[in-house]
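> Please work out how this folds:
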Amino acid sequence: MPATLATSGTLCLILSALAALTYELIPKNDFKPRWTIAAIKGTAVGALALSALLNLSNPLITAGLFLGAIGDIALTRPGQHAFLSGMAAFALGHLAYTAAFLPHLTAPNASQIAVLVVLVLLLASTEIWLTPHTGTLRTPIRSYVAVIGLMAISATVLLPGPARETIQLGALLFVLSDLLLALRLFRAHSPRSKSLLALTLWPAYWLGQALILLGAMGYSPA
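Numbers count the residues shown, from 1 in each chain. Next up is the predicted model:
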């Protein structure tokens with residue numbers, strides 16, 4: 001890889017981290033103008049996508065990151081249409097990640113089976129604590145749960161290789177961030193609980209995306 005591309009990719013990672021930290025710290029409800037919120041949030045993962053474009057040969061990981069940035073921007077807009085658009089972008093991103101992982105899957109070992117059992121139980125449990133509270137969004141929420149579950153499961157059973165665990169941790173953090181988002185949107189009632197969930201879900205989400213990228217850069221299946 002040319003040194004200039006590697007340097008540019010590193011600068012993109014730094015820009016991403018700065019944007020992610022800024023988004024976490026700024027008072028979003030009172031920040032004006034509103035478009036700056038979308039710009040900061042979109043830059044956090046958009047810069048990761050640009051780093052992937054410069055440093056990574058797998059276009060599916062790059063596509064997944066770009067779709068994540070689009071989803072982030074959509075979720076800064078009010079209304080159900082924007083929410084569904086964002087969720088669709090994230091779902092397509094998960095499918096891109098899954099497609100990137102599929103050629104490198106293996107039979108699970110005992111520890112991976114344990115993780116898979118926990119994942120399946122968590123996904124199934126959403127029919128109890130989440131789906132009944134989603135109203136007209138029930139069908140798209142169910143579909144999204146299935147898609148992110150497929151991504152996490154495929155990451156769990158990747159072939160051994162350098163940085164495999166980094167990808168797996170990133171995928172699990174992505175699942176955690178969406179779990180926290182679901183709690184904030186559909187189950188939390190008090191402003192304090194909503195604020196606490198918002199503060200924790202963004203770091204989990206951004207770190208998950210960053211780890212998927214960094215892991216994919218170093219992953220070479222045995």
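
> CA atoms for contacts and neighbours, from now on please.
OK.

> Check which helix or strand Phe101 maps to.
helix 80-101 (DSSP states H and E).

> Mean confidence (pLDDT) on that helix, please.
Per-residue pLDDT over helix 80-101 has a mean of 98.

> May I ask which helix or strand of this structure has the lowest mean pLDDT?
helix 3-25 (a mean of 87; mean pLDDT, DSSP states H and E).

> what residues does the next helix or strand after that one touch?
Remark: after helix 3-25, the chain's next helix or strand is helix 34-55, criterion DSSP H and E. Helix 34-55 is contacted from outside by 1, 5-6, 8-10, 12-13, 15-20, 22-23, 28, 31, 59, 61-63, 65-66, 68-70, 72-73, 76, 206, 209-210, 213, 217, using Cα atoms under 8 Å, 6 or more residues apart in numbering.

> Check those residues for burial and list the buried ones.
Buried by 16 or more other Cα atoms under 10 Å: 9-10, 12-13, 15-17, 19-20, 23, 61-63, 65-66, 68-70, 72-73, 76, 206, 209-210, 213, 217, out of the contacts of helix 34-55.

> Report the separation between Leu185 and Leu119.
21 Å (Cα to Cα, to the nearest Å).

> So for the two, which sits in the more crowded spot?
Between Leu185 and Leu119, counted using other Cα atoms under 10 Å, the more crowded position is Leu119 (19 against 15).

> Find the helix or strand that the residue nearest the centre of the chain is a member of.
Per Cα atoms, centre = their mean, the C-alpha nearest to the average position across the chain is that of Phe174, at 4.3 Å. Using DSSP H and E, Phe174 sits in helix 164-182.

> Other residues contacting that helix?
Contact partners of helix 164-182, identified using Cα under 8 Å, 6+ apart, comprise 130, 148-149, 151-152, 155-156, 158, 197-198, 200-202, 204-205, 207-216, 219.

> For that helix, list the C-alpha coordinates in PDB.
What follows is helix 164-182, C-alpha atoms only, in PDB (Å, rounded to 0.1, in the frame of the first residue of the first chain):
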ATOM      1  CA  ARG A 164     -10.800 -12.300  14.100                       C
ATOM      2  CA  GLU A 165     -11.700 -11.500  17.700                       C
ATOM      3  CA  THR A 166     -11.600  -7.800  16.900                       C
ATOM      4  CA  ILE A 167     -14.300  -8.300  14.300                       C
ATOM      5  CA  GLN A 168     -16.300 -10.400  16.700                       C
ATOM      6  CA  LEU A 169     -16.100  -7.900  19.500                       C
ATOM      7  CA  GLY A 170     -17.200  -5.100  17.000                       C
ATOM      8  CA  ALA A 171     -20.200  -7.100  15.900                       C
ATOM      9  CA  LEU A 172     -21.300  -7.800  19.500                       C
ATOM     10  CA  LEU A 173     -20.900  -4.100  20.400                       C
ATOM     11  CA  PHE A 174     -23.100  -3.200  17.400                       C
ATOM     12  CA  VAL A 175     -25.700  -5.600  18.700                       C
ATOM     13  CA  LEU A 176     -25.400  -4.000  22.200                       C
ATOM     14  CA  SER A 177     -25.800  -0.500  20.800                       C
ATOM     15  CA  ASP A 178     -29.000  -1.500  19.000                       C
ATOM     16  CA  LEU A 179     -30.300  -3.200  22.200                       C
ATOM     17  CA  LEU A 180     -29.700   0.000  24.100                       C
ATOM     18  CA  LEU A 181     -31.400   2.100  21.300                       C
ATOM     19  CA  ALA A 182     -34.400  -0.200  21.400                       C
END
